[in-house]
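> Let me see the structure of the following:
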Amino acid sequence: MDSTNTYRDAVLQDRADENRQLRHDAARALELIERGDIEQAKSLLRRISRSTTEQ
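Numbering: from 1, shown residues only. Got it, this is the predicted structure:
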């Protein structure tokens with residue numbers, strides 16, 4: 001495997017990890033909303049939003 005494939009695989013793995021974390025955080029925000037903890041959910045969603053726009 002050459003360095004181009006290794007780099008591409010690393011980038012794809014990083015994106016997969018980021019997507020997994022985003023899904024986890026979104027599920028957590030939904031749980032907070034369902035429990036009525038709207039302020040905590042809003043805070044989490046703002047953090048998610050900042051992390052995705054900084055990339």
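
> ok, and for stretch 14-22, which residues are buried?
By neighbour count on 16 or more other Cβ atoms under 10 Å, the buried set for stretch 14-22 is empty. Just so you know, the C-beta spots here come from the backbone N, C-alpha and C atoms, and that holds for glycine as well.

> Give me the mean pLDDT for that stretch.
Mean per-residue pLDDT for stretch 14-22: 95.

> same for the helix or strand harbouring residue 7, what does it pack against?
Using DSSP states H and E, residue 7 maps to helix 3-35. In terms of contacts (3 or more Cβ pairs under 8 Å, 6 or more residues apart in numbering; DSSP states H and E), helix 3-35 is packed against helix 38-53.

> average pLDDT across the helix it packs on?
When pLDDT is averaged over helix 38-53, the result is 92.

> Can you point out the buried residues in it?
41, 44-45, 48.

> what does that helix rub up against?
Residues from elsewhere that reach helix 38-53 (Cβ atoms under 8 Å, 6 or more residues apart in numbering): 22, 25-26, 28-30, 32-33.
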